[in-house]
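# predicted coordinates and the sequence they were generated for:
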Amino acid sequence: MSKLDFETLSILSEKGVEFCISVPHECGECGQTTFRAMPEDLVIFVDDPAAIYAKAHGVTKSEYRDWVDDECIAHCAAKTRAGRRCRNMVVGGYQVSAKRWLELQGGYCAVHGDGVKI
Ligand SMILES: [Zn+2]
């Protein structure tokens, strides 16, 4: 059972009450954003804020978590000769929004840009 009364929230929403959630500042590009939540979003938000932050950023929750874990930096998809994942940054992938970070997955750093292994 949710901590919030969905019915009350719906009535308030119908009467013109708006629910705005401040989405945390995660990266330089997107800055602070405000997400206009619907009653059903609030019910989720109480127990699982990350799910709503992900929705506000237009990505899935696991993508959102990976993006935060990567500190908003897209990393090169290439492997080094030692077989390890290259940890260089994708060109233009520093502190990008979650959507941009997702687009840059599979991209390469300046060294691996031409597909040559170091
Ligand atoms: Zn690389």
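Alright, I've got the coordinates.
# would you mind identifying the next helix or strand past the helix or strand of the chain with the lowest mean pLDDT?
Of all helical and strand segments in the chain, the minimum by mean pLDDT, DSSP states H and E falls on strand 33-37, at a mean of 91. Downstream of strand 33-37, the first helix or strand assigned by DSSP states H and E is helix 39-47.
# relative to strand 33-37, how tilted is that next one?
Helix 39-47 runs at 120 degrees relative to strand 33-37, counting by axes from the mean of the first three to the mean of the last three C-alpha atoms, to 10 degrees.
# what packs against helix 39-47?
The contact analysis (3 or more C-beta pairs under 8 Å, 6 or more residues apart in numbering; DSSP states H and E) places helix 39-47 against helix 6-14, strand 19-23, helix 49-57. Yep, even glycine has a C-beta here, placed from its N, CA and C like the rest.
# strand partners of the shortest one, parallel vs antiparallel please.
Meaning strand 19-23. According to DSSP bridges, strand 19-23 forms sheet pairs with strand 33-37 (antiparallel).
# send me the strand it pairs with as CSV with only the CA atoms.
Only the C-alpha atoms of strand 33-37 are listed here, as CSV (Å, rounded to 0.1, in the frame of the first residue of the first chain):
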residue,chain,number,x,y,z
THR,A,33,15.6,20.6,-14.1
THR,A,34,12.1,20.5,-12.8
PHE,A,35,9.9,17.6,-13.6
ARG,A,36,6.1,18.2,-13.6
ALA,A,37,4.8,15.0,-12.0
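# report the distance from it to the chain centre.
Centroid separation for strand 33-37 versus its chain: 14 Å, with C-alpha atoms, centre = their mean, to the nearest Å.
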